[in-house]
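Engineer: Test case, fold it:
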Amino acid sequence: MHGDPMMWVAGIRALYLQALHPRAVRGVMENSDFRRDAWGRLRRTANFVGTTTYGTAEAAERAGARVRRIHRMLSATDPETGERYRLDAPDLLLWVHCAEIDSYLHVLSRSGFPLTDAQADRYIAEHRVSARLVGLDPDAVPASRADLADYFEGVRPELAAGADARAVDDFLLRPPTHPLLVPAREVLWRRVAHLAYAALPPYAHELYGRAAPAPHVVTRRLRATGTLLRRVPARLRWQLPPKHILRAMARLGPEARPAPYKVGR
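Structural biologist: The predicted structure is shown next:
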């Protein structure tokens, strides 16, 4: 699944969703330079996902230890109460984890990636390993679609689209870029960002206060985008940094290449 090009759309959806947790997004605002180094932050996130997906077990453990070490040193101030809190608090780590996994699974399956219900549950369960790597107790992490739905139902009262969330929304629609690339941002990036936003759950649209197309229209656009992107030869897509897939194939052999048809075996 992580070799599919729709993962980029899924990643942006995850950012929109994560920004709706006031404490989680405040932690980003106080401790991240994402406004000045947006693309660097995206690359670092892609590198972590790529390492934990395609790297060796040792490399994944090192990447997880690095994330845990960074989170242990960071804190933020609650925008409502003024309370200081740590960014490695389990409830915050769990929110970020669930928003990511839900977005990856939702966008890929809705865009036509072949996946049965049982395989979707397996995907969520497998990610308890990545949850452990960032500092969570795997037994406290959703292990199925039903668990994930229950989690979001329980956390919804805590969500809000405050000033920080709206700053993330504005950033995702208009990320800083070189003046010569502004036309491309307006033509290409904004379409991707709008599609990622449209793929959010209805309650997220309500919180942000911006309507989205009807669900069947969004599904049609996701499928069309997925069909188009999947026509780009995989070998060409895999050349993009950080090239984890090519390194894994070099280590394990060409038969280890990711391919959707293998899911059905």
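
Engineer: what's the burial count for A131?
Structural biologist: For A131, the neighbour count with other CB atoms under 10 Å is 24. Just so you know, the C-beta spots here come from the backbone N, C-alpha and C atoms, and that holds for glycine as well.

Engineer: Verify the contact between it and H97 for me.
Structural biologist: Yes - contact criterion CB atoms under 8 Å: A131 and H97 qualify, at 5.1 Å.

Engineer: Leaving out sequence neighbours, find the closest residue to D88.
Structural biologist: Once flanking residues are discounted, D88 sits nearest to H71: 4.0 Å by CB to CB, 6 or more residues apart in numbering.

Engineer: okay, now that neighbour: neighbour count?
Structural biologist: By other CB under 10 Å, neighbour count at H71 equals 19.

Engineer: so how far is F48 from it?
Structural biologist: 12 Å (CB to CB, to the nearest Å).

Engineer: what do you get for A256?
Structural biologist: 21 Å.

Engineer: Show me which of those two is the more surrounded one.
Structural biologist: A count of neighbours by other CB under 10 Å puts F48 above the other of A256 and F48, at 20 against 13.

Engineer: Okay, and that one sits in which element?
Structural biologist: According to DSSP states H and E, F48 maps onto helix 38-54.

Engineer: Distance from the next helix or strand after that helix to the middle of the chain?
Structural biologist: Once helix 38-54 ends, the next helix or strand along the chain (criterion: DSSP H and E) is helix 57-72. Chain-centre distance of helix 57-72: 18 Å, with CA atoms, centre = their mean, to the nearest Å.

Engineer: what pLDDT does the residue nearest to D88 get?
Structural biologist: Note for H71: predicted pLDDT of 94.

Engineer: what do you get for R247?
Structural biologist: Looking at R247, its pLDDT stands at 93.

Engineer: what's in contact with the helix or strand hosting it?
Structural biologist: Element membership of R247 [criterion: DSSP H and E] is helix 244-252. Applying CB atoms under 8 Å, 6 or more residues apart in numbering, the contact partners of helix 244-252 are 3, 47, 50-51, 53-56, 238-239, 256-258.

Engineer: can you give me the angle that helix makes with helix 57-72?
Structural biologist: Here the directions of helix 244-252 and helix 57-72 differ by 140 degrees (axes from the mean of the first three to the mean of the last three CA atoms, to 10 degrees).

Engineer: got the angle for helix 244-252 vs helix 38-54?
Structural biologist: Using the same axes, to 10 degrees: helix 244-252 against helix 38-54 is 30 degrees.

Engineer: mind saving the C-alpha coords of helix 244-252 as CSV?
Structural biologist: C-alpha atoms of helix 244-252 as CSV (Å, rounded to 0.1, in the frame of the first residue of the first chain):
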residue,chain,number,x,y,z
HIS,A,244,13.3,3.4,0.1
ILE,A,245,11.6,1.0,-2.3
LEU,A,246,14.6,0.8,-4.6
ARG,A,247,17.0,0.2,-1.7
ALA,A,248,14.7,-2.6,-0.3
MET,A,249,14.6,-4.2,-3.8
ALA,A,250,18.4,-4.1,-4.0
ARG,A,251,18.6,-5.7,-0.6
LEU,A,252,15.9,-8.3,-1.0
